[in-house]
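Engineer: How does the following fold in three dimensions:
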Amino acid sequence: MASCDTCASNGNCSDSKKENCMVENNPINNVKNIIGVMSGKGGVGKSTVSVMLANDLVRKGYKVGLLDADITGPSIPRLLGLQDKRAAVLETGILPVIAENGLKVMSLNFLIDEENTPVIWRGPIISGTVKQFWTDVLWEDLDYLVVDLPPGTGDVALTVMQVMPITGVVMVSVPHDMVSMIVEKAINMTKKMDVDVIGVIENMSYIKCPDCGKTIKMFEGNTEEFLDKMGIKLLGELPMTKEIARDGINKSDEIAKMFEKITDGIIKE
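Structural biologist: The predicted model follows:
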């Protein structure tokens, strides 16, 4: 059960949070930081941002894991080109799949025969599976574990914030008033759970004309007003491009430099 000595948040918790701590840890694992990637709404590029963040941390020399907590809609294996891989289940735990760059990855799709098999489970089973991905997977020594959360403020988000020593959460949004309203709900949830919001990444922020280089805003929304209202900082803005839309690996040099600054902002927090 809870053990402050092995917890990634050891020394950073308030007394009230310690009293209500439900964190469970695997003594084999030593995970220093856990970054949740969250969005209030689906379709904003949350999983792609999770992959880009994890890969950029690896490029910076960190030992990194990526946990796909979107049990009913896992997309991380395909984004990484690992859809044909399977995780090994041992008596001591589950071995994550390791990408070519050394990134350790765990997703439900690594445990089923066909990636298009639907997951028709009720909430408690889904939450239990996410919990197992934290306690039973042999992550071993990691500097960062990136957790790709499903959209919304449901069972999985609640489970992750209760049973994992979350360092902080990164919110992914698009510049649209309707999405901002839903993201606000997610931010308010993290505050109620005493979890820090590191900042917001605005995806699909603009399109850059390939001919003249002009920046075109596709959505209407007052991002600055929203951030000021919530007291949250903007980590960066990502354009709508085919490089990002395709996956989180094959980025242009411009996108790579852009995301490197975003990662630096997350690390500093």
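
Engineer: which ones are touching Glu202?
Structural biologist: Contacts were defined as C-beta atoms under 8 Å, 6 or more residues apart in numbering; by that measure Glu202 touches Ser173, Val174, Pro175, Thr223, Leu234, Gly236, Glu237, Leu238. Glycine gets a C-beta too; all of them are placed from N, C-alpha and C.

Engineer: how about the spatially closest residue to it that is not a sequence neighbour, phi and psi?
Structural biologist: Ranked by C-beta to C-beta, 6 or more residues apart in numbering and with sequence neighbours excluded, the top spatial neighbour of Glu202 is Glu237, at 4.7 Å. Summarising the backbone geometry of Glu237 under the convention degrees, to the nearest 10, its torsions are phi -120, psi 130.

Engineer: Surely Glu237 is in contact with Lys208?
Structural biologist: No - using C-beta atoms under 8 Å as the test, Glu237 is too far from Lys208 to be in contact (11.4 Å).

Engineer: Would you map the strands across the stretch 101-250 of the chain?
Structural biologist: In the stretch 101-250 of the chain, the segments counted as strands under DSSP state E, counting those that start in this stretch are 104-106, 141-148, 168-173, 197-202, 207-208, 215-216, 234-237.

Engineer: Which elements pack onto the last one?
Structural biologist: Read that as strand 234-237. For strand 234-237, the helices and strands in contact under the criterion 3 or more C-beta pairs under 8 Å, 6 or more residues apart in numbering; DSSP states H and E are strand 197-202, helix 253-268.

Engineer: where are the low-confidence patches of this structure?
Structural biologist: 1-22, 178-179, 219-221, 242-252 (pLDDT under 70).

Engineer: can you give me the helices for it?
Structural biologist: 15-19, 46-59, 76-79, 123-135, 155-163, 177-192, 223-230, 242-246, 253-268 (DSSP state H).

Engineer: Pipe these into JSON lines and attach distance to Val37 and mean neighbour count per row.
Structural biologist: Supplementary listing: these in JSON lines, determined by distance: least, C-beta to C-beta, whole Å; neighbours: other C-beta atoms under 10 Å:
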{"stretch": "helix 15-19", "distance to Val37": "22", "mean neighbour count": "10"}
{"stretch": "helix 46-59", "distance to Val37": "4", "mean neighbour count": "24"}
{"stretch": "helix 76-79", "distance to Val37": "11", "mean neighbour count": "22"}
{"stretch": "helix 123-135", "distance to Val37": "14", "mean neighbour count": "18"}
{"stretch": "helix 155-163", "distance to Val37": "11", "mean neighbour count": "21"}
{"stretch": "helix 177-192", "distance to Val37": "11", "mean neighbour count": "17"}
{"stretch": "helix 223-230", "distance to Val37": "17", "mean neighbour count": "14"}
{"stretch": "helix 242-246", "distance to Val37": "15", "mean neighbour count": "13"}
{"stretch": "helix 253-268", "distance to Val37": "10", "mean neighbour count": "15"}
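
Engineer: and of these, who's closest to Val31?
Structural biologist: Between Val31 and these, the shortest gap by C-beta to C-beta is with helix 123-135, which sits at 8.8 Å.

Engineer: Which other helices and strands does that closest one contact?
Structural biologist: helix 155-163.
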